[in-house]
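Novice: next come a sequence and a model predicted from it.
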There are 2 protein chains.
Amino acid sequence: MNILITGGAGFIGSNLCHRLYEQGHTIYCLDNLYTGRKKNVEDLIGKDRFVFIKQDICEDDLFKDLHFDRIYNLACPASPPAYQKEPIHTTMTCTVGMYNMLVVAQEHGARILQASTSEVYGDPDVSPQREDYRGNVSCIGIRSCYDEGKRCAESLCFDFQRAGRADVRVVRIFNTYGPNMRADDGRVLTNMICQALKGEPITVYGNGHQTRSFCYVDDTVNGLIKVMESDYKDPVNIGNPDERTINSMAVMIKKYLDSKSPIIYQFLPADDPKQRCPSIEVAKYLGWEPKVCLEDGIVNLIEYLKKEIQ
Amino acid sequence: MNILITGGAGFIGSNLCHRLYEQGHTIYCLDNLYTGRKKNVEDLIGKDRFVFIKQDICEDDLFKDLHFDRIYNLACPASPPAYQKEPIHTTMTCTVGMYNMLVVAQEHGARILQASTSEVYGDPDVSPQREDYRGNVSCIGIRSCYDEGKRCAESLCFDFQRAGRADVRVVRIFNTYGPNMRADDGRVLTNMICQALKGEPITVYGNGHQTRSFCYVDDTVNGLIKVMESDYKDPVNIGNPDERTINSMAVMIKKYLDSKSPIIYQFLPADDPKQRCPSIEVAKYLGWEPKVCLEDGIVNLIEYLKKEIQ
């Protein structure tokens, strides 16, 4: 198949490029390189069946002479420091960009998968979060450019679907980790591992009792492909329900790195979610569940980050 | 002042045009006439200090040669049948249109007021709804084009405000009624009054126990101007907290019209809110509260609709 992956030079996107390339597909990897990096796909550049396109999905008149069978829309900065740096562009990427890609899907007769996010649930007041939970999102806060942008993108997806204009799949991706993350992306695992590797104090925001559930990127990529090729048309959570406190992560990282770094506590940023845990009943019904446990996956992330920050 | 009113030929917009015109301002009334009607402002067309512009706020390059001091952004279909007819355009009006108007505000140094909506609260699980309530909105349902569009518009407003790019005010308008409503707009009061006037059965959706709070348009217009000219920069609910059941409204309309129409019950549409009642503590603090009671206002609406459906 001809497969377009927007945000294909980003963390999850580049892992998806590699997987689908290995399966024998022709990959069109589009990225504006705002947070994505060419080095994430440099081993693929120049190969048959791999085309890199530097472009922003907010631009018009995309891909007039190409034909796609599948579109994975992963284009959007996803770490809070990155999406908050240009918040208005984040919103436009989620709305105008989503609209553009849905129109491309319609024109090409391509199936499109939207990479939505657990952030549509905001700071959830139920746990685990099922797909029918409506969320607890501030629509005016500093995270709203991403959270509301992604909610609005889902709304567009389902209106295209209801109108019969596009064949749409939607996954809500929970925290994911693994190779090709940016060392400086500001997320908790990369932050803490890099601090420990550099011998700096390990920062925990808030009291560290808040939880996250981390899914290894190989599992996440499997989930995206599984949902894309399924007939299931409602949103599907993709994440690992193995919930951990931030404190326990800090302790684990110290242990793995035999680190002497002290753990220091700082104020929690505004609207930071206090817990996050996916219900994955729907994904299980579709035949997917995560396979890689945190203890194994984090070793790979540590090895990757050691090279990254050299 | 030079004042731009988008959606100025619509229900609330046209009432606002008249009020601000009477106050001596120069009014630029913009409307794409999708649900707005020129007849709502026809008495103003041709006068000094009143300019009608037929245009869509999703278009680029607006108003290069004009200067505005104030912008009221009321452009968006607001009744469910109207905004669900072209849901994708509804979303784009809320996002691209909002972005365009914020850029105009920035370029003109104009203060901008966004007409947001009680729909940002969705089907609320608390009552009355305060401005800090985060809502209960389905981001994939048939109302989401409007609800999520408006939430995303607020997000854009506050990002422009935080960036110092525009001086923004946001009001969340609850159900409003009065002259210049479309008889066919599909909302509960117009529906029931027109049915009674035509001698048809009066339709109640659901069991009629769901509540709404209706604010007379003169009060709403006062509220918009009050917030626009205040220094208060967070969202402000504008509505009448006098909560009524749909059943009691049907009975009142039958009484006022001495109608023999039977009341019939039909299924509630998807995601229809079961209650809606504003907390207006913030608006009161700013010196606004509604003055017109439902019993008085509905007489005006009935007289207006009698002429409309002749």
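Specialist: Ah, there it is. Please read these numbers as outputs of a predicted model, since none were measured by experiment.
Novice: quick one, phi/psi of A:G122?
Specialist: phi 60, psi -140 (degrees, to the nearest 10).
Novice: quick one: the closest residue in space to it that isn't next to it in sequence and A:S213, what's the gap?
Specialist: Distance criterion Cβ to Cβ, 6 or more residues apart in numbering or on different chains; nearest residue to A:G122, sequence neighbours excluded, is A:V137 at 3.4 Å. Glycine gets a C-beta too; all of them are placed from N, C-alpha and C. In this view, A:V137 and A:S213 are 19 Å apart by Cβ to Cβ, to the nearest Å.
Novice: and A:L62, by the same measure?
Specialist: For A:L62, the distance to A:S213 - Cβ to Cβ - is 35 Å.
Novice: around chain B, pick out the residues from the stretch 101-250 of chain A.
Specialist: By Cβ under 8 Å from any Cβ of the partner chain, the residues of the stretch 101-250 of chain A that approach chain B are A:120, A:122, A:134-142, A:144-145, A:148-149, A:151-152, A:154-160, A:162-163, A:170, A:234-235.
Novice: residue ranges of the helices in the stretch 101-250 of chain A, please?
Specialist: A:144-162, A:188-197, A:217-228, A:246-257 (DSSP state H, counting those that start in this stretch).
Novice: for the shortest one, packing partners?
Specialist: Which is helix A:188-197. strand A:202-205, helix A:246-257, helix A:294-308 (3 or more Cβ pairs under 8 Å, 6 or more residues apart in numbering or on different chains; DSSP states H and E).
Novice: just to revisit the earlier point, who's more crowded, A:L62 and A:S213?
Specialist: A:S213 (23 against 19; other Cβ atoms under 10 Å in any protein chain shown).
Novice: quick check: the more buried one touching A:I238?
Specialist: No - with contact defined as Cβ atoms under 8 Å, A:S213 does not count as touching A:I238 (11.1 Å).
Novice: next one: the residue lying farthest from the centre of chain A from chain B, what distance?
Specialist: Of all residues in chain A, A:K260 has its C-alpha farthest from the mean position, at 31.4 Å, by Cα atoms, centre = their mean. Separation of A:K260 from chain B (Cβ to the nearest Cβ, to the nearest Å): 40 Å.
Novice: how about that residue, secondary structure?
Specialist: Of the three states, A:K260 takes coil under DSSP: H, G, I helix; E, B strand; the rest coil.
Novice: OK, contacts around it?
Specialist: A:G199 (Cβ atoms under 8 Å, 6 or more residues apart in numbering or on different chains).
Novice: distance check, it against A:H25.
Specialist: Distance from A:K260 to A:H25, by Cβ to Cβ: 47 Å.
Novice: quick check: the nearest residue to A:I302 once chain neighbours are set aside vs A:P269, distance?
Specialist: Once flanking residues are discounted, A:I302 sits nearest to A:I193: 5.8 Å by Cβ to Cβ, 6+ apart. Per Cβ to Cβ, A:I193 is found 20 Å from A:P269.
Novice: of those two, which one has the most company?
Specialist: A direct count of neighbours by other Cβ under 10 Å for A:I193 and A:P269 places A:I193 higher, at 27 against 14.
Novice: how much space separates the more buried one from B:Y21?
Specialist: Distance of A:I193 to B:Y21, computed by Cβ to Cβ: 63 Å.
Novice: likewise A:L66?
Specialist: 53 Å.
Novice: those two: which is more packed in?
Specialist: B:Y21 (20 against 13).
Novice: so the more buried one, which state does it fall into?
Specialist: Strictly by three-state DSSP, B:Y21 counts as helix.
Novice: wait, it touches B:I27, no?
Specialist: Yes - applying Cβ under 8 Å, one finds B:Y21 in contact with B:I27, separated by 5.1 Å.
Novice: what's the span of stretch A:31-39, first residue to last?
Specialist: The first residue of stretch A:31-39 is 12 Å away from its last residue (Cα to Cα, to the nearest Å).
Novice: no more questions from me, cheers.
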